[in-house]
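>>> Following is a predicted model, sequence given first.
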Amino acid sequence: MAIVKFDNVTKTYKTGEHELKALDNVSFTLDEGKFVVILGPSGAGKSTLLNLLGGLDSPSAGTITVNGKDISKLTDNELADYRAATVGFVFQFYNLIPTLTVYENVELVSEISKNSLDAKKMIEEVGLSDHLHNFPSELSGGEQQRVSIARALAKNPQILLCDEPTGALDSETGVMILKLLLGMAKSYGKTIVIVTHNQSIAKMADTIIRVKNGKIRSVEEQDKPMSADEVEW
């Protein structure tokens, strides 16, 4: 069942008299509960796609439908409600609040989500129960990313959006984070969308969307995606 539909979506950024078409007439659908990788080089339009799907930006033309609702014409307040209810974010550089403990960083989402999951349980799920009262500066990069995954899932979103989630990690830690992310998301029935330039991650996806110069070059469905242990990193 399709949960997301992009229909002839264009995004143009204007700087003075200059225009940059970050996305050019893009159309595709995403099925519920799938692991989707948006793959392409730097500047291809990947992050713009993620920002539009996440309600962080609005298209210049076209429609974006999520759960049968057109989000492309929502007001700023309506987009804020959409983000709170529907999407969770995992970023490359964690975006944790340095003055809050691990528990406080995860528990924070309960203030914006009406259906949040238990913060302690999510922290336990990512293997950090012993670090509830630590601050981000006291954690390794991999541990901080695990906190960000716990926070994103504690929000209990339908769609989990990940922007280069292993980009700041060494390869061994990155593989561990991917296995944790996918395992957690599948356990809790989430649709996962990862933006990356890493071809290895794409081998694990149910759907691969290749983007270049703001256009969709291909949409590929994989009947038997590899596991993280099968991929050559």
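Sure, I can see it. Numbering: from 1, shown residues only.
>>> Where do the helices of the protein begin and end?
Assigned helices in the chain, in chain order: 46-53, 76-86, 102-107, 119-125, 141-154, 171-187, 199-202 (criterion: DSSP state H).
>>> Residue 13: neighbour count?
Around residue 13 there are 12 other residues, counting by other Cβ atoms under 10 Å. C-beta coordinates here come from the backbone N, C-alpha and C atoms, glycine included.
>>> Need the pLDDT of it.
According to the prediction, residue 13 has pLDDT 91.
>>> Who are the contact partners of the spatially closest residue to it that is not a sequence neighbour?
Leaving aside its sequence neighbours, residue 13 sits nearest to residue 20 (Cβ to Cβ, 6 or more residues apart in numbering; 4.7 Å). Taking Cβ atoms under 8 Å, 6 or more residues apart in numbering, we find residue 20 in contact with 12-14.
>>> coming back round to it: so for residue 1, which of the helices of the chain sits nearest?
With Cβ to Cβ as the criterion, residue 1 lies closest to helix 76-86 of the helices of the chain, at 15.4 Å.
>>> and the angle from the closest one to helix 46-53?
100 degrees (axes from the mean of the first three to the mean of the last three Cα atoms, to 10 degrees).
>>> List the buried residues for helix 76-86?
Using 16 or more other Cβ atoms under 10 Å as the test for burial, helix 76-86 gives 79, 82-86.
>>> Just checking the distance from it to the centre of its chain.
16 Å (Cα atoms, centre = their mean, to the nearest Å).
>>> neighbouring contacts of it?
Under Cβ under 8 Å, 6+ apart, the answer for helix 76-86 is 54-56, 58, 66-67, 71, 74, 112-115, 155, 157-159.
>>> swap in stretch 40-57?
Outside stretch 40-57, the residues that touch it by Cβ under 8 Å, 6+ apart are 4, 6, 9, 11, 22-23, 26, 38-39, 58-59, 64, 66, 71, 74, 79-80, 82-83, 86-87, 89, 159, 161, 163, 193, 195-197, 209-215, 217.
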